[in-house]
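Asks: compute the structure for the input listed below.
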Amino acid sequence: MSDAIVVPYEVLVKKIYDRLVLAGIAQDQALIEAEIMSEADLLGVPSHGVRMLPPLLKAIADGRVTRAPQFISVRQFGAIAVLDCNNGPGRYASQKAMQQATTLAQEFGVGVCLAKNTTHWGRAHAYANRAAQAGFIGICTTNAIPTMAIGGAKKTVIGNNPLAIGIPGANSAEPIVLDMAMSQAAVGKVGTWLREGKTLPGNWGLDANGNPTNDAKAILGGAVLPMGEHKGAGLAVMFELLTAALAGAAFTQQIRTNDSSGLDPQASKIFIALNPAAFIEPVEFQQHT
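Replies: Below you'll find the model as predicted:
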């Protein structure tokens, strides 16, 4: 007999929503946070689901997440927007930024929103997926606290800077979405395998002394390793430059200096939306996909 407890998605959304509102988050923001957080569990990615609620609530209580953020448009240049998110709830900020990118893409064929001073967005999939469901190609990445060793280092050097790409499918509700960290496995996945008592592949990470290990607990105290060795490392560096450098904001080590919890305040994210209709007849594109 399984000891799993099954909670309907709608019930979980309501519970998270109520708790966030009680913590002082505005209702519209709390709803998006709750929906995206619950969605991760619904789609089988518990590392980025409801388990992230307690740290978020603590960060709100500590003032590390802004309860009532003031979103400021820093720059607007044609199809490009820069948004300062005031370290507000990261899922809401990310959804708002991707929506701005798709709005610009509707007008210009392409839209780019660079969001600075953001907190952890949960799962990158959520934003590329929503853009694709709306009929746009969605691309997004972020920088983060250093968790990955690269270039022969024995300790963390850079974030594993995930990338998500969403392509509209033949059925608008079922786009084609890629979501991957630049490490062999996301840090959250290592944590999930630890909770489930699984033994990891030997190339996932290093212990605190810089030795290769398949012990999940040791990796969480050490560093994950890049996928494809130099290839994942190179992509992580480029995504750091496409976010923090372009935003003139905190790099990975500076994020950790300010907050080592993994909340990632002051992180930067870039959201890109492409309008397929600017390239090809939508029906023809749909047939190809």
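
Asks: residue 185 in helix, strand or coil?
Replies: Here residue 185 takes the coil state, with states given by DSSP: H, G, I helix; E, B strand; the rest coil.

Asks: ok, it - how many residues close by?
Replies: The number of residues packed near residue 185 is 23, by other CB atoms under 10 Å. For the C-beta atoms, the positions are set from N, CA and C on the backbone; glycine is no exception.

Asks: how about residue 155?
Replies: Residues near residue 155, counting by other CB under 10 Å, number 13.

Asks: my guess is it meets residue 223, correct?
Replies: Yes. Using CB atoms under 8 Å as the test, residue 155 is close enough to residue 223 to be in contact (5.8 Å).

Asks: now list whatever residues contact both of those two.
Replies: The contact sets of residue 155 and residue 223 overlap at 149, 206, 210 (CB atoms under 8 Å, 6 or more residues apart in numbering).

Asks: show me where the protein has helices.
Replies: Using DSSP state H, the helices of the chain run over 9-22, 27-42, 53-62, 90-108, 125-133, 187-195, 216-220, 230-240, 246-247, 252-258, 282-288.

Asks: pLDDT weak spots in the stretch 101-250 of the chain?
Replies: Scanning the stretch 101-250 of the chain for pLDDT under 70 picks out no residues.

Asks: quick one: contacts for the closest residue to residue 119 other than its chain neighbours?
Replies: Nearest residue to residue 119, sequence neighbours excluded (CB to CB, 6 or more residues apart in numbering): residue 90, at 3.9 Å. With contact set as CB under 8 Å, 6+ apart, residue 90 has these partners: 65, 118, 119, 120, 121, 122, 264.

Asks: mind checking pLDDT for residue 90?
Replies: With respect to pLDDT, residue 90 scores 98.

Asks: and for residue 1?
Replies: Value for residue 1, per-residue pLDDT: 43.

Asks: around residue 214, how many other residues sit close by?
Replies: Residue crowding around residue 214 was assessed by other CB under 10 Å; the count is 15.

Asks: give the contact list for residue 161.
Replies: Residue 161 is in contact with 141, 142, 143, 144, 181, 182, 235, 236, 239, 240, 243, counting by CB under 8 Å, 6+ apart.

Asks: any idea which of those residues is the one closest to residue 77?
Replies: residue 243 (17.7 Å; CB to CB).

Asks: where's the closest one relative to residue 41, distance?
Replies: Look at residue 243 and residue 41: by CB to CB, to the nearest Å, they are 27 Å apart.

Asks: quick revisit: turn the shared contacts of residue 155 and residue 223 into a markdown table, columns for distance to residue 37 and neighbour count.
Replies: Output for the shared contacts of residue 155 and residue 223, formatted as a markdown table (distance: CB to CB, whole Å; neighbours: other CB atoms under 10 Å):
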| residue | distance to residue 37 | neighbour count |
| --- | --- | --- |
| 149 | 29 | 22 |
| 206 | 30 | 22 |
| 210 | 34 | 14 |
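
Asks: in strands only, show me these.
Replies: Counting by DSSP state E, the shared contacts of residue 155 and residue 223 place residue 206 in strands.

Asks: tally up the residues packed near residue 224, please.
Replies: 25.

Asks: state the distance from it to residue 113.
Replies: Counting by CB to CB, the gap from residue 224 to residue 113 is 28 Å.

Asks: rebuild the contacts of residue 90 as TSV, extending it with distance to residue 10 and neighbour count.
Replies: Converted to TSV, these look like this (distance: CB to CB, whole Å; neighbours: other CB under 10 Å):
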residue	distance to residue 10	neighbour count
65	25	25
118	27	31
119	25	28
120	24	24
121	22	28
122	18	24
264	29	25
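
Asks: closest to residue 100 among the residues you listed?
Replies: For the contacts of residue 90, the nearest to residue 100 is residue 118 (13.2 Å; CB to CB).

Asks: OK, contacts around the closest one?
Replies: Contacts for residue 118 (CB under 8 Å, 6+ apart) come out as 85, 87-88, 90, 93-94, 97, 142, 264-269.

Asks: grab the most central residue of this structure for me.
Replies: When CA atoms, centre = their mean is applied to the chain, the residue found nearest the centroid is residue 124 (3.6 Å).

Asks: what's the nearest residue to that residue if we skip its chain neighbours?
Replies: Of all residues not flanking residue 124 in the chain, residue 164 sits nearest, at 3.7 Å (CB to CB, 6+ apart).
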